[in-house]
Each structure stands twice: as C-alpha cells, then as structure tokens.
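Participant: The sequence and its predicted three-dimensional model are supplied below.
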Amino acid sequence: MKHLLKLGDLSGEEIIELLNLADQLKYERKNGIPHPHLAGKTLGMIFRKSSTRTRVSFEVGMYELGGTALFLSSNDLQIGRGEDTADTIRVLSRYLDGIMIRTFDQREPEEMAAIGSISIINGLTDYCHPCQVLADLMTIRERKRSLAGLKLCFIGDGNNMANSLIVGGIKTGMSVSVACPAAHKPDAAVAAWAAQAGSYTCTEDVLEAAAGADILYTDVWASMGQESEAAERRRLFAGYQINADVMRAAAPDAMVLHCLPAHKGEEITQDVFDAHTDEIFEEAENRLHAQKAVMVRLMKDKAYLEDILRDGAERAAYAANRTLRKVYKKIGFVRI
C-alpha cells in the first residue's frame, strides 16, 4: 500500500488491517502511551477545499506520531497561480515524506501519486472521501463489534460520501442500500461494481432503503462548491431525511452517523441528531485515529508495522487478563 487514493484500491483485508491499527493507536492515546512512529517525518497538507475536521485531525495526528504537518493553502502555492501540478509534486517529493490533499477533482491526487515518489493521501475529492469512511467503519465496529452481515443505509445525495460508503461497506461484508433522487445517484461505475461484488440496492424510497438497517447515514444536501444550488437542492431533497419515521423502519438498535457539519432540519431532524450524538461525535473523533493509522501504514516500513501490531496485541491481552483477575477476585472465584 503506497497511497490512499480511494477505498476501491484496497482489499477488504487491507481495510480491516487499517482499522486494527487505528484501534491500537486509539488505545495508546487513551492510555497515555507515547507512539512517535513517524518521528522525523513531515506531511504536507494541501487544501483547495477548507475544512475543520480534516485539518485539525491530520495536524494533531502527525504531532502525536512525532512528526510535523505543514498547512499548504492553494492560495499560497504556485499551483494556485498556474504552476504545473507535475512540477509541484516533483519538488515536494524532495522535501516531504507524504502529502494529504483535499481538493475537487479526483484526477489531482491520482496524478500526484503517478508522478511523485512519496505517499499521497486523499483527504477528500468530489468523487470520494476514503478517510472519513475508514473512521465510519471504525465507529460501526466499535458499536456493533463486527461489520460483516450488517446493513448500512445511506440517505441523501449520491455524492462522494455515498461512493466511499458503498465501497467500504461491500468490501467489509455489509449490505448497502441508498435512497436518493433519480437524478442524484452514486457514481455509475461504483454502483455497477457493488451490484456484482455484494448486496447493493438503490431506490428513491427512503423507507424501503431504511427497512431493517443497522446503520443509518446521511450528509448535507449541498456540499462545498454547490452553495449556489442550495435552494434548489432543498426542494429536490425534501423527504430524504433521517427522522422518526425512518428510525422506526430501521432496526430497533440502529445507530446514526453523519460526517458533519450537519444541517439539522434538513437531512436529519434535531431530535434524531440529539439522540445519537454519542456515536456521531465518536465518529468525528475517529477521524484522528483512522488517519493516524493511514499515515503510519504509508510512511513506515512493513516490519515496523508488524512490531506495532504485535506489541499492541500483547498489551491488549495483558490488560484483558488483568481485568479478568480483578473480576475473579471480586466474585470470589478460585481458578484451579
């Protein structure tokens, strides 16, 4: 694994490996265990689209891994004034160990990966959002204990989030349903692949899509760059909302996720959002852990990664046994 450009480039096993590493890094952070796995490394962060969560999570994540993150606004780079992307990436490859780019066109990170000599991370494009969906899968697994066999339902615009959720869900053994207007379906190639690779449906009927779902997911109706379409989209997407009726159609213990920011009263009602803030904000936190896993996976050699995972498994086993001993002592159970 040299880059993270889209989840379609990864196998299901590689996705699970990233989630396992993210779990380990989260455990270390929660328990005050230093993990400077990227000491001496530098990540460049190029933003053609602004963001709260992407910038802060990558910057904090790189700091906690012992490295340095550089914020590179397109307004401050020559590519913002017409310099050829190929020339830019050739130069940056000589300064940096990796680049995260948040931009509009999927071709931009793809071109960087093809030309440069360092790892490229897709922080978001109009086509897909792999980092967010890794955090989503991590959150689902934390709550549901596993991924295979669950039903994931996305309601709203068949946008970059829908594309990545379809791929991530199918590759980890979930069935995926999408409810969206006919003119706003997910990418046709993604949908065709999903129909062949797993259980996938797309419908205009929200309640049909949500029936029995274990996870309900939504996103804003008008994404960044579509502000001029906001009024028309509010009219078009009216009804494509997670509300009390949709919750009743889903599984009784269904969880709700949103990649944020949320427009309450549009794609999700205030009451549903408030009832599921725990998982939504855990999802937001997990951006940090999932992206740290991506950076470690891309910017460290394989042998080092195997050491990290082995040490983590040993620590987890020790902690579990210690907890079990405390329980035995509390209830007076004597092991023979």
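Facilitator: Ah, there it is.
Participant: Quick check: Arg53 touching Glu285?
Facilitator: No - with contact defined as Cβ atoms under 8 Å, Arg53 does not count as touching Glu285 (9.6 Å). Every residue, glycine included, has its C-beta placed from N, CA and C.
Participant: Which residue of those two possesses the greater neighbour count?
Facilitator: Arg53 (19 against 16; other Cβ atoms under 10 Å).
Participant: Show the contacting residues for that one.
Facilitator: Leu260, Ala284, Arg287 (Cβ atoms under 8 Å, 6 or more residues apart in numbering).
Participant: Now do the same contact list for the last one.
Facilitator: Contact analysis of Arg287 by Cβ under 8 Å, 6+ apart lists Arg53, Thr54, Ser57, Cys131, Gln132, Ala135.
Participant: want to throw those into a markdown table with distance to Leu10?
Facilitator: Output for the contacts of Arg287, formatted as a markdown table (distance: Cβ to Cβ, whole Å):
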| residue | distance to Leu10 |
| --- | --- |
| Arg53 | 22 |
| Thr54 | 20 |
| Ser57 | 20 |
| Cys131 | 12 |
| Gln132 | 15 |
| Ala135 | 15 |
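Participant: Can you turn the buried part of the residues you listed into a ChimeraX selection?
Facilitator: A single ChimeraX command is used to select the members of the contacts of Arg287 judged buried by 16 or more other Cβ atoms under 10 Å:
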select :53,54,57,131,132,135
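Participant: Of the contacts of Arg287, which is the nearest to Ser228?
Facilitator: The shortest approach to Ser228 among the contacts of Arg287 belongs to Thr54, at 23.0 Å (Cβ to Cβ).
Participant: give me phi/psi at that closest one?
Facilitator: phi -60, psi -50 (degrees, to the nearest 10).
Participant: neighbours of the residue lying closest to it once chain neighbours are set aside, just the number please.
Facilitator: Of all residues not flanking Thr54 in the chain, Gly123 sits nearest, at 5.0 Å (Cβ to Cβ, 6 or more residues apart in numbering). Neighbourhood size, Gly123 [other Cβ under 10 Å]: 28.
Participant: Out of the contacts of Arg53, name the ones that lie in helices.
Facilitator: Ala284, Arg287 (DSSP state H).
Participant: how about the contacts of Arg53 in TSV, adding distance to Ile15 and pLDDT?
Facilitator: Shown next, in TSV, are the contacts of Arg53 (distance: Cβ to Cβ, whole Å; pLDDT from 0 to 100):
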residue	distance to Ile15	pLDDT
Leu260	22	96
Ala284	20	98
Arg287	16	98
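Participant: could the contacts of Arg53 go into CSV alongside distance to Ala39?
Facilitator: Shown next, in CSV, are the contacts of Arg53 (distance: Cβ to Cβ, whole Å):
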residue, distance to Ala39
Leu260, 31
Ala284, 27
Arg287, 22
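Participant: Can you tell me which of the contacts of Arg53 is closest to Met62?
Facilitator: Looking across these and measuring by Cβ to Cβ, the closest to Met62 is Arg287, at 13.2 Å.
Participant: picking that back up, report the distance from the host helix or strand of the residue nearest to Thr54 to the chain centre.
Facilitator: Taking DSSP states H and E as the criterion, Gly123 maps to strand 119-124. When distances are taken as Cα atoms, centre = their mean, to the nearest Å, strand 119-124 is centred 12 Å away from the chain's centroid.
Participant: Give me the neighbour count for the residue lying closest to Thr68 once chain neighbours are set aside.
Facilitator: Spatial nearest neighbour of Thr68, excluding adjacent residues (Cβ to Cβ, 6+ apart): Thr42 at 4.7 Å. Residues contacting Thr42 under the criterion other Cβ under 10 Å number 17.
Participant: Quick check, Thr42 in contact with Leu65.
Facilitator: No - the criterion here is Cβ under 8 Å, and Thr42 misses it with Leu65 at 11.3 Å.
Participant: all helices for the protein, in order.
Facilitator: With DSSP H as the criterion, the chain has helices spanning 12-30, 53-64, 85-92, 107-115, 130-144, 160-171, 188-197, 206-210, 230-236, 244-249, 270-275, 277-299, 302-331.
Participant: Out of those, which is the most enclosed?
Facilitator: Greatest average neighbour count among these goes to helix 160-171 (a mean of 27), per mean count of other Cβ atoms under 10 Å.
Participant: what's the angle from that helix to helix 12-30?
Facilitator: Relative orientation of helix 160-171 versus helix 12-30 (axes from the mean of the first three to the mean of the last three Cα atoms, to 10 degrees): 110 degrees.
Participant: can you offset everything so residue one is 40?
Facilitator: With 40 as the first residue, the last one maps to helix 199-210.
Participant: So which other helices or strands are in contact with helix 199-210?
Facilitator: For helix 199-210, the elements it packs on are helix 51-69, helix 169-183, strand 190-194, strand 214-218, helix 227-236, judged by 3 or more Cβ pairs under 8 Å, 6 or more residues apart in numbering; DSSP states H and E.
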